[in-house]
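**Student:** need a structure here:
(chains A and B)
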Amino acid sequence: SQTIHQWPATLVQPVGSPLSLECTVEGTSNPNLYWYRQAAGRGLQLLFYSVGIGQISSEVPQNLSASRPQDRQFILSSKKLLLSDSGFYLCAWTGPTGAKQPQHFGDGTRLSIL
Amino acid sequence: AQSVTQPDIHITVSEGASLELRCNYSYGATPYLFWYVQSPGQGLQLLLKYFSGDTLVQGIKGFEAEFKRSQSSFNLRKPSVHWSDAAEYFCAVGAYSSASKIIFGSGTRLSIRP
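**Tutor:** Next up, the predicted model:
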């Protein structure tokens, strides 16, 4: 069966520090991968999605970036975190046909910026 | 581009009462529609989905939703809620023309009155 792993579960970082959140999927190949951010009490904001290795689409201009070095690995990064980067970050995957398939979510990373 | 509106930010119902959560979408063709549930601090779990065919779809945990093209709606219902249904509920829409993106509504928080 397919599983998705996201880590770390919680992270506290100072303003200006770098960030790396990792997401991996097991049990499937060529998934579509997604990064969302959920601010407190708000909905999900799509940050990035990827349909293949090295293919990244950015939805919102910001100081975050994403990379997909392997088929089932998706990384969210920042060189210098801002206070506004605080939130709950969720990784998700679907099968290759994308929007017709339900998304499967990881358990999320709670990021707090001090 | 597709969009989703969940007009109710927070709803409180009594345990055992019926529930209806509203969702309106905007898309020119037949959309792919989803309802997800999120417990605090966790990822999202798929409740049900609609692609085509019967406009009344059944999901997990006793939930159902009805697709009404004329009203551009996909409301979620449950005949009798349980205290464990307290959570955040998200409606989402995917579009055939956008092979990879799914857009989420801002969510409705459901509280259960004992």
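**Student:** so where do the strands sit in chain B?
**Tutor:** If DSSP state E is used as the criterion, the strands of chain B fall at B:3-5, B:10-14, B:19-21, B:24-26, B:32-38, B:44-50, B:56-58, B:64-68, B:73-78, B:87-95, B:98-104, B:108-113.
**Student:** ok, which of those strands comes nearest A:K80?
**Tutor:** When the strands of chain B are ranked by proximity to A:K80, the top entry is strand B:98-104, at 27.9 Å, counting by C-beta to C-beta. Any C-beta I mention is one placed from the backbone N, CA and C, and that applies to glycine too.
**Student:** thinking again about what came up before, the strands of chain B: which one's closest to chain A?
**Tutor:** Nearest to chain A, of all these, is strand B:87-95, at 3.1 Å by C-beta to the nearest C-beta.
**Student:** can you give me the end-to-end span of stretch A:66-82?
**Tutor:** 16 Å (C-alpha to C-alpha, to the nearest Å).
**Student:** what mean pLDDT does that stretch have?
**Tutor:** Mean pLDDT, stretch A:66-82: 96.
**Student:** roughly how far is that stretch from the heart of the chain?
**Tutor:** Remark: stretch A:66-82 is offset 7 Å from the chain centroid, using C-alpha atoms, centre = their mean, to the nearest Å.
**Student:** does that stretch come close to chain B?
**Tutor:** No. Using C-beta under 8 Å from any C-beta of the partner chain, stretch A:66-82 stays clear of chain B, coming no nearer than 12.9 Å.
**Student:** one step back: got the strands of chain B as TSV, with mean pLDDT, mean neighbour count and distance to A:V51 columns?
**Tutor:** TSV is the format used below for the strands of chain B (pLDDT from 0 to 100; neighbours: other C-beta atoms under 10 Å in any protein chain shown; distance: least, C-beta to C-beta, whole Å):
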stretch	mean pLDDT	mean neighbour count	distance to A:V51
strand B:3-5	89	16	22
strand B:10-14	97	13	36
strand B:19-21	98	18	31
strand B:24-26	92	17	23
strand B:32-38	94	24	17
strand B:44-50	94	21	20
strand B:56-58	96	14	27
strand B:64-68	96	18	27
strand B:73-78	97	20	26
strand B:87-95	90	24	14
strand B:98-104	73	20	5
strand B:108-113	96	17	30
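**Student:** dump the ones you listed into TSV; add distance to A:S20 as well.
**Tutor:** Output for those, formatted as TSV (distance: least, C-beta to C-beta, whole Å):
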stretch	distance to A:S20
strand B:3-5	31
strand B:10-14	35
strand B:19-21	36
strand B:24-26	35
strand B:32-38	24
strand B:44-50	23
strand B:56-58	39
strand B:64-68	38
strand B:73-78	37
strand B:87-95	27
strand B:98-104	23
strand B:108-113	31
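**Student:** let's have those in TSV, adding distance to chain A.
**Tutor:** Shown next, in TSV, are those (distance: least, C-beta to the nearest C-beta, whole Å):
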stretch	distance to chain A
strand B:3-5	9
strand B:10-14	10
strand B:19-21	14
strand B:24-26	13
strand B:32-38	5
strand B:44-50	4
strand B:56-58	12
strand B:64-68	13
strand B:73-78	14
strand B:87-95	3
strand B:98-104	4
strand B:108-113	8
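**Student:** all set now, cheers.
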